[in-house]
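# Turn this into a structure:
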Amino acid sequence: MGLRIHFVVDPQGWCCMGLIIFVWLYNTIFIPKVILFPHYEEGHISAVAILCYYLCSLFCIASLVRASVADPGRLPENPKIPITEREFWELCNKCNMMRPKRSHHCSRCGHCVRRMDHHCPWINNCVGEDNHWLFLQLCFYTQILSSYTLLLDFCHYYYFLPLKKDNWDVFVFRHELALLRISAFMGIIILGGISGLFYTQLIGIFTDTTSIEKMSNCCEDISRPRKPWQQTFSEVFGTRWKILWFIPFRQRQPLRAPYHFANHV
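Sure thing, here's the model as predicted:
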């Protein structure tokens, strides 16, 4: 199934997402320019370190963009409900539309989303059944990129050999310390915030509950049989091949046949 584009008109979300893109762009430009390339030219590090950094950066921005524009699971205005699945549907008291159980109405977006976890201003989109896997990849690769950046900042001053020649860019050479301090500060802030968010997301998948269900304490399926963690993760990522859980460039396919579990990303 192809990717369905979903664009949310929200100035606050645009600002939050713009801030994330700025941090990503800042580190993607200055970290290689100040640390990776100069130390590579003098033989202190290998080309693998540069390749890994750019690969992490690519996966991070790819998951961010796809999570932001992917349809999280918006319900159509007049859904066709099979007779055999009517018991799994309910009426939304906000938009007066039929929706599958475990769906939620997002007041910011103005529509119901299948198995909605929460509305995230940092991606300017809801996190629902169809883009939850991309949001998890975003959290994962943001942690890796932030940790890698902090490691490089530390090694540049306390582990790598001093550079024998000055950077050819006068601005970068003159403001090197300030640039790296800004990078380290942003890395610590983002790593701390994303780590907590990623932990809560993993717990939600392990227990097969969404953030909204945890906050409302009204999940009517709380007594349902506990699924193995491999199954819950496979349902979120749309595949049982664990290696594909880490690739943001693929198309997700649903593992469950009923309509209220169908996926379109």
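
# which ones are touching the spatially closest residue to residue 68 that is not a sequence neighbour?
Once flanking residues are discounted, residue 68 sits nearest to residue 123: 4.5 Å by Cβ to Cβ, 6 or more residues apart in numbering. (C-beta placed from N, C-alpha, C; glycine too.) By Cβ atoms under 8 Å, 6 or more residues apart in numbering, residue 123 lies in contact with 13, 17, 64, 67-68, 135, 138.

# Kindly report the same for residue 99.
Contacts for residue 99 (Cβ under 8 Å, 6+ apart) come out as 75, 79, 89-92, 105, 112, 114.

# And for residue 216, the neighbour number?
A total of 10 residues lie near residue 216 under the criterion other Cβ atoms under 10 Å.

# same check, this time on residue 238
23.

# For it, which non-adjacent residue is closest in space?
Once flanking residues are discounted, residue 238 sits nearest to residue 252: 3.6 Å by Cβ to Cβ, 6+ apart.

# Surely that neighbour and residue 237 touch.
Yes - if you go by Cβ atoms under 8 Å, residue 252 and residue 237 touch, sitting 7.0 Å apart.

# in the helix or strand hosting residue 133, what's buried?
Element membership of residue 133, judged by DSSP states H and E, is helix 132-158. Judged by neighbour count (16 or more other Cβ atoms under 10 Å), helix 132-158 contains these buried residues: 132-146, 148-150, 152-153, 156.

# Show me what the closest residue to residue 74 other than its chain neighbours bridges to in the sheet.
Nearest non-adjacent residue to residue 74, counting by Cβ to Cβ, 6+ apart: residue 111, 5.3 Å away. Beta-bridge partners recorded for residue 111 (DSSP bridges): residue 106.

# which is the next helix or strand following the longest helix belonging to the chain?
Longest helix of the chain, by residue count under DSSP state H: helix 176-207. Downstream of helix 176-207, the next assigned helix or strand under DSSP H and E is helix 211-216.

# And the next helix or strand past that next one?
Next in sequence after helix 211-216, counting helices and strands by DSSP H and E, comes helix 229-237.

# neighbouring contacts of that following helix?
Against helix 229-237 from outside (Cβ under 8 Å, 6+ apart): 132-133, 136, 205-206, 208, 240, 244-245, 252, 255-256, 261.

# now do 7 Å
132-133, 205-206, 208, 240, 244-245, 252, 255-256 (Cβ atoms under 7 Å, 6 or more residues apart in numbering).

# Can you pull out the low-pLDDT segments for the stretch 1-150 of the chain?
1-4 (pLDDT under 70).

# Enumerate every residue touching residue 139.
For residue 139, the contacting residues are 194, 197-198, 201, by Cβ under 7 Å, 6+ apart.

# Then residue 145?
Counted by Cβ under 7 Å, 6+ apart, residue 145 has contacts 56-57, 60.

# can you pick the most crowded of those?
residue 60 (25 neighbours).

# Excluding residues flanking it in the chain, which one is nearest that one?
Counting by Cβ to Cβ, 6+ apart, residue 141 is the residue found nearest to residue 60 once chain neighbours are left out, at 4.1 Å.

# can you pull the contacts of that neighbour?
Per Cβ under 7 Å, 6+ apart, neighbours of residue 141: 56, 59-60, 63.

# Dump those to TSV, plus distance to residue 100.
Formatted as TSV, the contacts of residue 141 follow (distance: Cβ to Cβ, whole Å):
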residue	distance to residue 100
56	36
59	31
60	32
63	26
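
# any weak-confidence spans in the stretch 151-265 of the chain?
Checking the stretch 151-265 of the chain against pLDDT under 70 turns up 165-174, 217-225, 256-265.

# how about 50 then?
221-222, 257-265 (pLDDT under 50).

# May I ask which helix or strand encompasses the residue nearest to residue 47 when sequence neighbours are not counted?
Leaving out its chain neighbours, the residue that sits closest to residue 47 by Cβ to Cβ, 6+ apart is residue 40, at 6.5 Å. If you go by DSSP H and E, residue 40 is part of helix 37-41.

# ok, back up a step: looking at the contacts of helix 229-237, which is nearest residue 32?
Nearest to residue 32 among those: residue 245, at 27.7 Å, using Cβ to Cβ.
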